[in-house]
Each structure stands twice: as structure tokens, then as C-alpha cells.
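Colleague: 3D model of this:
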Amino acid sequence: MNVNRDPFRPGRRLLKSAMRGLFWGSLVPFTGLLAVSTGIMVYFAGLWLLGVRGREPALLACLAGGTVLLLGVAVQWYVMTTRIRRPLLLLDLELRGERPWVPEKDVLLGSLRLSVEEVRAAGLQARAEQRAEAEQHLECRRRLGERVAVDRFLSTAAEALLDVGELQEFGERSARLVAEWWPAASVTIFRREEAQSEVEILAQAGTQKEVTITNEADVTSSSPGSPYTKLALPFPVKEAFNRASYVGLGLPVSQDKQFPHGHNFLALGLQHRGVFSMVVYAVSEEMEAPRVSALVRVQPFLSLAYSRVMYAREMEEAQIRDTLTGAFTQSHFLGLLRAEIARANRYAHQVTCALMDIDDLRRINDRYGAHFGDTVIAETARLILEEVRSSDVVARISGGTFVLLFPESTSDMARIAMERIRTRIEGHMYLVQRKDVERMTVSTGIASHPPHGVTPLSLMDVARVAMETAKRAGKNRAVMAEE
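Modeller: Below is the predicted model:
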């Protein structure tokens with residue numbers, strides 16, 4: 001293909017032919033004027049040349065003018081027929097579809113039609129460009145409006161989450177924020193303490209149904225609308241716990257059995273210390289896919305606020321919990337014991353306190369080192385926490401010494417619990433170093449309020465005396481305090 005070829009050359013040839021036709025057609029109105037001017041010129045020339053009166057020159061001028069007029073009429077008739085009337089007739093026939101267009105045989109008509117088509121194409125192209133520009137302008141305005149709305153939402157979210165101090169409050173505010181941006185969705189906040197722990201519902205918001213979780217062991221039930229089980233969470237929530245987020249919009253099949261008609265799913269995982277331990281879950285049953293870009297963009301804000309709340313919670317717990325074992329500290333335990341004694345005095349029931357110490361812990365420290373001694377202490381605390389009730393309180397007061405509080409329990413009830421703990425620890429094998437296994441025992445002293453003490457410190461002192469009695473009696477036993 002010759003790139004230097006002028007694409008407008010054929011159009012120029014047609015345009016030149018059209019100009020020639022228009023030139024000949026423009027001579028028609030001047031034919032009569034030409035005849036009159038010729039007669040006048042012949043008349044005056046005859047007067048000057050012949051020197052006679054004006055009859056003969058006038059006759060000669062009339063003959064010349066008539067001859068020119070006849071010739072002009074003939075030329076006018078020819079031009080009108082060939083250059084004006086015929087193209088118009090052909091154009092009319094072509095417009096009515098009675099004659100095909102043959103531009104090679106009618107240059108003027110081809111030029112006219114080409115000009116009309118070029119003008120029409122230019123008009124169509126201009127209108128198309130205007131329409132595209134208008135659509136682009138509307139799209140820019142829509143995007144700008146959406147961007148402004150998203151920025152306002154992010155600003156609102158940052159302000160709402162700025163002063164959150166409690167985890168429950170954070171969950172409720174987060175659920176309300178998502179529900180405000182996505183009114184048609186049902187929002188649920190899931191949370192778990194550790195990667196393998198059970199999931200709980202922290203907060204809910206929205207206009208649809210309420211989500212529930214059961215503790216049933218049967219996870220095979222998948223009937224629509226049935227509650228979640230601990231091990232059968234919906235697929236979007238599992239993905240968010242594992243991969244930070246899940247977005248499924250306009251899905252033909254629901255991903256959640258509690259929402260059998262759900263089509264749009266959004267799950268945002270919130271991270272703390274490298275683990276996704278909270279998920280913001282939103283579901284809607286509308287067919288049209290919503291705009292959730294703002295919710296995806298607000299995920300870092302939610303995750304940052306969640307981490308801040310968790311760090312504040314950990315700092316508070318660090319003041320009341322032992323970092324090695326997770327049990328309460330002695331100062332916090334004394335406060336709980338003081339409150340429990342006051343409640344026992346008000347409602348006339350007993351409170352029992354037990355002091356427990358790991359036997360021969362120094363031998364482990366001397367033989368394997370303090371690190372493995374800490375391992376034994378932490379493992380023992382784990383065994384104790386697994387055996388006590390949720391209402392019981394466990395605290396570490398020093399080294400391998402623990403204190404336990406049994407609310408609304410007699411000394412006999414506490415002794416049964418302590419014997420169960422002692423048996424569990426005695427049968428447990430402690431892996432201290434590589435393949436070295438040690439067995440440990442504990443000695444326990446038990447004291448109750450009111451027979452053994454009326455204040456927290458006096459009750460703990462009596463329990464300590466009973467524990468020392470157990471150690472002198474041979475260790476690995478629980479001894480009741482004497483009244």
C-alpha cells in the first residue's frame with residue numbers, strides 16, 4: 001500500500017468537474033445582456049465607420065443582436081438541459097430508487113452526492129464526539145461524586161473509631177458503619193481469640209435476619225436458615241480468616257446457609273499480631289451488585305483500630321495477669337477475694353481459698369536451667385486452668401506457687417477440686433529437654449471463710465500454713481486448715 005498517495009485526489013477531480021459545470025451554468029443569465037451589448041456596439045461602430053444616419057446601422061445592430069440572442073438562447077437551452085435540468089432529474093430518480101447511481105457518467109451528481117455525504121458524515125462524527133464527550137463528562141462527575149462520598153465515609157469511619165476503648169464497642173461501631181454504607185446488608189462481626197479457638201459473634205447490625213451460632217457437635221446439618229455450628233462457618237468467613245478478605249458480588253448461588261437467597265457477600269479480615277482474628281461479614285439478598293469499594297478501602301482503618309483496641313486490652317490484662325502463665329496477679333487476686341468475702345458476708349455463704357506449690361521445682365531449675373523451670377510452671381498453670389470452673393479464679397503469687405478462689409464453695413468441695421487437679425498434675429509428663437521427661441507433684445493448703453479467716457490476707461496466711469504442713473507430711477497432697 002502506497003502511504004504517500006493523496007486520499008483526496010478523486011474527490012478533487014470530481015470537485016473540478018462540478019466547478020466547470022457551475023461555470024457554464026452561470027453564463028445563462030448573462031445571455032440576453034450579451035446580445036443587447038453586442039447590438040449597441042455594432043450600432044455605434046456603424047455610425048462611426050459609415051458616417052450615415054442611424055437607420056442602416058440600427059438595422060445592422062438589430063440583425064447582429066438578434067443573431068447573438070438566438071445563439072445565446074440555444075446555448076442557454078443546452079446548458080439548462082445538460083448541466084442543470086438533467087442532473088436534477090437524475091438526482092430525483094436516484095432518490096426515488098428508480099435509477100442506480102453511476103458516478104463515472106455524471107461527474108456533477110457524483111460531486112454533489114460526495115459533498116453531501118461528507119457533510120453528513122462530518123455531522124454524524126461531530127454528534128458522536130459530542131455524545132461521547134457528554135458521556136465521559138457524566139462518568140467523570142459520577143466518579144468524582146463517588147470519590148467524594150468514599151472520602152466522607154472514610155473520614156466518618158476514622159472519627160467514629162478514634163475514641164473506641166472497648167472491644168465490644170469497637171464491634172458495634174464497625175457493624176453500624178458498614179450497615180450505614182450498605183443499608184441492604186446484614187452485618188455480623190465474628191471474632192476468635194486464637195487461630196484454633198472457637199468463633200463467637202461480637203456484634204450485629206442491618207435490616208435483615210439475625211445470625212446465630214450453636215455449640216452442637218453435629219455439623220452435617222445444612223438446612224436453609226439453620227444456625228451456624230462452631231465448625232461449619234460460611235465460606236466467605238473462612239476465606240477472610242485465612243486470606244484477609246472475600247468479595248463475591250452478584251453470585252447466582254448463595255455462599256451461606258443462613259441466607260439461602262443471598263447474592264452479594266463481603267468479608268473483611270482484621271489483623272492483630274499477624275493473625276486475622278476478627279471478620280466483618282456483610283450479606284445482602286438484592287440482585288444488583290452494590291459498590292463496596294469504600295468498604296474494601298476502609299479495611300485498613302478497621303484493622304488499625306482493632307489492633308489499637310487489642311493492644312490497650314493487652315496492656316490492661318498485663319497489669320492484672322501474669323505474662324508467663326496467663327493467671328491473675330496477686331494484687332488483682334486480693335481485690336477479687338476481698339469482693340467475694342464481702343458478698344459472702346452479705347448472702348451468708350462460704351468462700352474457699354487454696355494455696356498450691358509445685359514440689360521440687362528448684363531441682364528442675366538446678367538441673368535444666370531456669371528456662372525449663374518456667375516451662376514447668378506454665379504447663380502446670382495450663383493444667384490447673386483446664387480443671388477449674390469458669391467461676392473459679394486462679395492467680396500466681398510467686399515462683400511455682402498458685403492461689404485458687406472457689407466462690408460459694410465449702411472446704412470439702414474445694415478439696416475435691418484440688419484432689420482432681422493434684423491427680424491430673426501427678427499423671428502428667430513434662431517434656432523439659434529433648435527426650436528428658438519429668439513428673440511433678442504439688443502440695444496444697446485449703447482454708448475457708450469464715451471459719452479460717454475474715455480478711456483476704458488472714459485467709460491466705462492460714463492456707464499457706466496448711467500448705468507447709470502438706471510439704472512436711474511428704475508432699476503431693478492436699479491438707480485442710482485447722483479451725
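
Colleague: what helix or strand is the residue lying closest to residue 298 once chain neighbours are set aside on?
Modeller: Closest residue to residue 298 apart from its sequence neighbours, by CB to CB, 6 or more residues apart in numbering: residue 157 at 5.1 Å. Yep, even glycine has a C-beta here, placed from its N, CA and C like the rest. Using DSSP states H and E, residue 157 sits in helix 107-160.

Colleague: what's near enough to touch residue 203?
Modeller: By CB atoms under 8 Å, 6 or more residues apart in numbering, the contact list for residue 203 reads 168, 171-172, 174-175, 188-189.

Colleague: how about a cut-off of 7 Å?
Modeller: 171-172, 175, 189 (CB atoms under 7 Å, 6 or more residues apart in numbering).

Colleague: so it is in which element?
Modeller: strand 200-206.

Colleague: given that strand, what are its sheet partners and their directions?
Modeller: According to DSSP bridges, strand 200-206 forms sheet pairs with strand 186-191 (antiparallel).

Colleague: can you name every helix or strand that the helix holding residue 157 contacts?
Modeller: helix 9-26, helix 86-95, helix 167-181, helix 293-320 (3 or more CB pairs under 7 Å, 6 or more residues apart in numbering; DSSP states H and E).

Colleague: could you give the angle of the strand holding residue 203 to helix 167-181?
Modeller: 30 degrees (axes from the mean of the first three to the mean of the last three CA atoms, to 10 degrees).

Colleague: okay, strand 200-206 in PDB with CA atoms only?
Modeller: Extracted C-alpha coordinates of strand 200-206, given in PDB (Å, rounded to 0.1, in the frame of the first residue of the first chain):
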ATOM      1  CA  GLU A 200     -18.100 -16.000  68.600                       C
ATOM      2  CA  ILE A 201     -20.400 -13.300  67.400                       C
ATOM      3  CA  LEU A 202     -19.300  -9.900  68.700                       C
ATOM      4  CA  ALA A 203     -21.900  -7.600  67.200                       C
ATOM      5  CA  GLN A 204     -24.600  -7.400  64.500                       C
ATOM      6  CA  ALA A 205     -26.300  -4.600  62.500                       C
ATOM      7  CA  GLY A 206     -28.500  -4.200  59.500                       C
END
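
Colleague: for that strand, which positions count as buried?
Modeller: 201-206 (16 or more other CB atoms under 10 Å).

Colleague: if we can go back for a sec, which residues touch the residue nearest to residue 298?
Modeller: 177, 298, 301 are the contacts of residue 157 under CB under 7 Å, 6+ apart.

Colleague: if we go to 8 Å?
Modeller: 177, 298, 301-302.

Colleague: looking at those, which one is closest to residue 408?
Modeller: Minimum distance to residue 408 across the contacts of residue 157 is 41.2 Å, recorded for residue 302 (CB to CB).

Colleague: if I look at that closest one, how far off is residue 336?
Modeller: 34 Å (CB to CB, to the nearest Å).

Colleague: compare these two (neighbour count), which wins?
Modeller: residue 302 (24 against 16; other CB atoms under 10 Å).

Colleague: please tell me how far that one sits from residue 449.
Modeller: Taking CB to CB, one finds residue 302 at 47 Å from residue 449.

Colleague: got it, and residue 338?
Modeller: The value you get for residue 338 to residue 449, if CB to CB is used, is 11 Å.
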